[in-house]
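> what's the 3D shape of this:
(2 chains)
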Amino acid sequence: MSSQEQFSSRWGLILATLGMAVGTGNIWRFPRIVATNGGGSFLVAWVVFLILWSVPLMIVEFSFGKRARKGTVGAFSRIAGRGSGWMGGWVALCAAAIMFYYSVVAGWCLRYLAAATLGQLRGDQSEAFWSGYAGSGLAWFTHALALGLAVMVVWFGVRGIERVAKVLIPSLFLLVVLLALRAVTLPGASAGLEFLFRPDWSALGDVRIWLQALTQNAWDTGAGWGLILTYAVYMKAREDIPLNAFLIGFGNNGVSLLAGIMVLCTVFAINPGARDEIVGAGNEGLTFIWMPQLFDKMPGGQFFMVFFFLALSFAALTSLISMVELVTRNLMDAGLKRKKAVSIVGLAGLILGTPSALSLAFLHNQDWVWGVGLMLSGLLFALAARKFGLERLRREDVNADGCDLRIGRWWSFLVSVVVPIEAVVLMIWWLWEARGWDPSGWLNPFRPESVGTVIAQWAIALVGLLALQRWFGSRQEPATLGGGSEE
Amino acid sequence: MSGAAIAFMVVICTFVWGGFLLLLTRAVDSERRKG
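Prediction:
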C-alpha cells in the first residue's frame, strides 16, 4: 500500500472514524429516544450496551480491516473463508442502501443551514417550510449537492477524508458544546436536566427500555456497519485497536449526551407544555419543524439555529463520506481505480437516492428495511469472527504489537455469545413491533414499514448476493499490505 | 433539580466524558512515547 493510502497519524484515523460514528442519529434521534424511554433509566441501559454491543463490534471491525486490508467483501472472504464473501456483500449492500437515502438527509441539513443563515427559517412558518421543501425538486438538488460533496472528498482518497475530518470533527464538538452551554443557561433549563437525569430504577425492569438502548447503540455508533472496517484498511501496521475502539465509542456517546442536554433543556426552557408533542414528533418533526420554532423564541436564537444546523450538516456529511468510501473500497478491491469507482458510486447514489429525495414514504421504507438489516450485519461480523477464531483474532490482531490496551477473554465471550443473542433478539423484537404498527397489512410488502417489505427486500438481496458468491471469490486478489488499486 | 438527579448526572457524565478524556490522555501519552 502506498503511503498515500494510509492515515498520516493515529489522530487522522480517530477523527475520521469519529466522523463516521457521529451522525444525525446522535443529534436528532438520541434526545427523542431518551425522553420517551424513561430518561435516566434509559441512560443506564445505553451505557451498558456501549460495552456489550458497540465496543466489542468496533474491535472486530478494526481487526478485520487491519488484517485483511480489504473492503467488506474481501475482508469476510479472507477472514471467514472464500464462501463468506456474501456476508461482506450484505454489509456493503446495507451501507450502500443507507447511503442512497442518507445523502437526502444530509441534503436536508444543508438546506436548513442555508435557510437559517439567510434568515428564511421563521418559527411560525417552519411547518409550511418543511411541507414545501420535503419531497420537492429542491430536495433532490440538495441530495445531489450533499452526495457531490462526499464524492469530492472520497475522490482524493484517504488523505482527503482525513483532511476534512480534522476540520469538521473538532468544529462539530465545539458547536455541540456551545449549543449545550446555551441550552443549560436558559431560564427553566434545569427541568430538562431533571427529566434527562432523573433515575427511575423501577423502569429498568421494562425490557423495552433495554431494547431501545441496544437499538440506539446499534444505529448511532456505527458498530457492525462495515464503516470502521473500511477505515481500518488504511490504519498503520503497528496501530492500536482496543484503545481506539473505546475512544470512538465513548466519544460518540459523549456527543449524544451533549445533544440530549442541548435538545431537552431547550424544549423544557422554551415550550415545556408541548414537550410530549415535540419529542413524539419523529426525527424530522423534531429537527425541521420544532427546533426552528424553539430557536425563534430563544434570545439570540437565530444565531444558535445556524450553529445547530451547521453541527447537523457536519455530522451528516462526515458519516456520508464514510458510506461512499465503503462502497468505493469494495469496487477498488474488484479491480477498479479509485476515481472510476467513486464516480460509479456517485452516479448510482444520485439515481438510486432519487426516490427517497422525492418521497418521504420511500425514504422511511428504506430506513426501516436497512436499519433492521444493520442488526443482521452485526450478527454476520460476530459469526465471521467466531469462524476465524476469536482467541486467534484477539492474540494476533487485537493485542498485537503497538496496542495500548490489552483485551481479555471477556471480549471473545461477548462476540461469540452476547452479540449474536443481542442481534437476534433485536431483529425479532423490531419485526414483532412492526406487526402492531399495521395489524391488517403487516405482511404486505408494499406497505412502507411492514414486516413483509423487510422479508421481500432482504430475500431479493440475499438471493442476489448468494448468486454472486462465486464472482466475489474470483474477484478478490490475495490480500497483501499493498492490496487494492490506487492511483 | 433533585439531589438524586444531580448525583445521577454526575455519575453518567463522569463515566462517559471522564472515560473519553481518560482514554484520550492515554492515547496522547502513548503517541508521545512512540515519538
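> What ranges does chain B have for its helices?
Along chain B, counting by DSSP state H, helices occupy B:3-13, B:19-34.
> Just send those back as JSON lines, with distance to chain A and mean pLDDT too.
For glycine as for every other residue, the C-beta is placed from the backbone atoms N, C-alpha and C. Converted to JSON lines, these look like this (distance: least, Cβ to the nearest Cβ, whole Å; pLDDT from 0 to 100):
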{"stretch": "helix B:3-13", "distance to chain A": "4", "mean pLDDT": "93"}
{"stretch": "helix B:19-34", "distance to chain A": "4", "mean pLDDT": "94"}
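> for the ones you listed, which one sits closest to A:Trp46?
helix B:3-13 (9.2 Å; Cβ to Cβ).
> where are the low-confidence patches of the stretch 101-250 of chain A?
For the stretch 101-250 of chain A, applying pLDDT under 70 flags no range at all.
> Spell out which parts of it neighbour chain B.
A:190, A:193-194, A:196-199, A:240, A:243-244, A:246-247, A:250 (Cβ under 8 Å from any Cβ of the partner chain).
> one more time with 10 Å
Residues of the stretch 101-250 of chain A lying near chain B by Cβ under 10 Å from any Cβ of the partner chain: A:189-201, A:238, A:240, A:242-250.
> filter the residues you listed to the buried ones?
A:189-199, A:240, A:242-250 (16 or more other Cβ atoms under 10 Å in any protein chain shown).
> Which of those residues fall within helices?
Short answer: these in helices (DSSP H) are A:189-197, A:242-250.
> what ranges do the helices span in the stretch 301-450 of chain A?
With helices called from DSSP state H, counting those that start in this stretch, the stretch 301-450 of chain A shows them at A:301-333, A:338-352, A:354-358, A:360-388, A:390-393, A:409-413, A:419-437.
> Just the buried residues of the helix or strand just after the last one, please?
So the one you mean is helix A:419-437. Where DSSP states H and E defines the elements, the next helix or strand beyond helix A:419-437 is helix A:451-467. In terms of neighbour count (16+ other Cβ under 10 Å), helix A:451-467 has its buried residues at A:Val451, A:Gly452, A:Thr453, A:Val454, A:Ala456, A:Gln457, A:Trp458, A:Ala461, A:Leu465.
> Where does pLDDT dip in the stretch 351-487 of chain A?
Ranges of the stretch 351-487 of chain A meeting pLDDT under 70: A:475-487.
> For whatever residue of it ends up closest to chain B, grab phi and psi.
Relative to chain B, the nearest point of the stretch 351-487 of chain A is A:Asp404 (4.5 Å; Cβ to the nearest Cβ). The phi/psi pair for A:Asp404 (degrees, to the nearest 10) reads phi -100, psi -10.
> Hmm, B:Thr25 and it touching each other?
No. The criterion here is Cβ atoms under 10 Å, and A:Asp404 misses it with B:Thr25 at 11.2 Å.
> which of the two has more neighbours?
A:Asp404 (21 against 10; other Cβ atoms under 10 Å in any protein chain shown).
> any idea how far A:Gln293 is from the more buried one?
Here the criterion is Cβ to Cβ, to the nearest Å. By it, A:Asp404 lies 46 Å from A:Gln293.
> next one: A:Val44
Applying Cβ to Cβ to A:Val44 and A:Gln293 gives a distance of 32 Å.
> Pretty sure A:Trp225 sits against A:Ala21.
Yes. Counting by Cβ under 10 Å, A:Trp225 does reach A:Ala21; the two are 9.3 Å apart.
> any shared contact partners between those two?
A:Ser319, A:Ser322 (Cβ atoms under 10 Å, 6 or more residues apart in numbering or on different chains).
> residue contacts, the residue sitting nearest the centre point of chain B?
The centre of chain B sits closest to B:Gly18, judged by Cα atoms, centre = their mean, with a distance of 0.9 Å. Listed by Cβ under 10 Å, 6+ apart, the contact set of B:Gly18 reads A:Phe250, A:Gly254, B:Val10, B:Val11.
> Can you pick out the most distant pair from the residues you listed?
Spatially, the most separated pair among the contacts of B:Gly18 is A:Phe250 and B:Val10, at 16.7 Å (Cβ to Cβ).
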